[in-house]
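Engineer: Fold the following.
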Amino acid sequence: MLVQHRSGIPNLTDTPDFWTDPPENNKEALERVLDLPADFEPGEDYEYSNTNYLLISELIERVVGYSKFQYIKEEILIPLGLKNTFGSIRDVDMDEVMSGYYVGIEDDIKTANYGSMLATAEDVGIFLRALNDGTLFEGGEQEIYSSIYVYKHTGLIPGYQSIAKYHKDIDTVVIQFVNEK
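Structural biologist: Numbering: from 1, shown residues only. Alright, predicted model coming up:
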């Protein structure tokens with residue numbers, strides 16, 4: 001239900017002041033949604049929730065015993081040769097990140113740390129292709145993943161919105177970055 005966004009858990013990025021006063025860590029992020037009512041009964045509807053990904057990250061770290069980004073590096077980034085994907089805005093040369101704005105926020109959010117990973121369009125494209133051609137999976141894993149997740153994503157990256165989608169009919173990955181101002 002977390003991966004499918006069918007948990008009903010409220011989206012932490014929809015909480016008041018998230019974009020102007022982001023939480024410092026996962027604990028603070030979870031505190032913002034802790035006492036909120038569910039958006040719907042688990043499994044009864046669909047609504048995108050970044051809190052789901054935060055909880056999945058916490059589960060990964062508890063199971064493997066080390067950081068989620070180290071796990072992602074070992075399982076995905078290194079095998080695919082992705083060298084321009086980063087676990088945090090803190091890991092990036094800021095001269096390489098474009099400035100950008102978000103509707104309702106006057107300041108450049110280039111340096112804001114929202115807890116997002118960052119990647120180049122090329123790395124995102126390689127990753128999406130690997131999901132679709134099965135490169136990342138063993139045994140029947142691709143069938144399981146395909147049954148629970150749609151191979152596309154939209155989201156806020158510091159400075160711009162991103163849209164990524166695989167078009168199976170033409171075997172093409174399209175990545176689009178949109179500045180909000």
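Engineer: Okay, helices next: where are they in this structure?
Structural biologist: Under the criterion DSSP state H, the chain carries helices at the ranges 26-33, 50-64, 68-72, 78-80, 121-133, 141-148.
Engineer: which one of those has the lowest average pLDDT?
Structural biologist: By mean pLDDT, the lowest-scoring of those turns out to be helix 141-148, with a mean of 79.
Engineer: now that helix, how far from the centre of its chain.
Structural biologist: For helix 141-148, the distance from its own C-alpha centre to the chain's C-alpha centre is 18 Å (Cα atoms, centre = their mean, to the nearest Å).
Engineer: Quick check: buried residues in that helix?
Structural biologist: Gln142 (16 or more other Cβ atoms under 10 Å). Every residue, glycine included, has its C-beta placed from N, CA and C.
Engineer: pull the helix or strand with minimum mean pLDDT from the protein.
Structural biologist: Lowest by mean pLDDT, DSSP states H and E among the helices and strands of the chain is strand 152-157, with a mean of 67.
Engineer: thinking again about what came up before, of the helices of the chain, which is nearest Ser88?
Structural biologist: With respect to Ser88, and counting by Cβ to Cβ, the nearest of those is helix 68-72 at 7.7 Å.
Engineer: how about the closest one: buried residues?
Structural biologist: Under the neighbour-count criterion of 16+ other Cβ under 10 Å, helix 68-72 has 68-69, 71-72 buried.
Engineer: Kindly report the same for stretch 82-95.
Structural biologist: Neighbour counts over stretch 82-95 (16+ other Cβ under 10 Å) mark 82, 85-87, 89 as buried.
Engineer: Thank you, goodbye.
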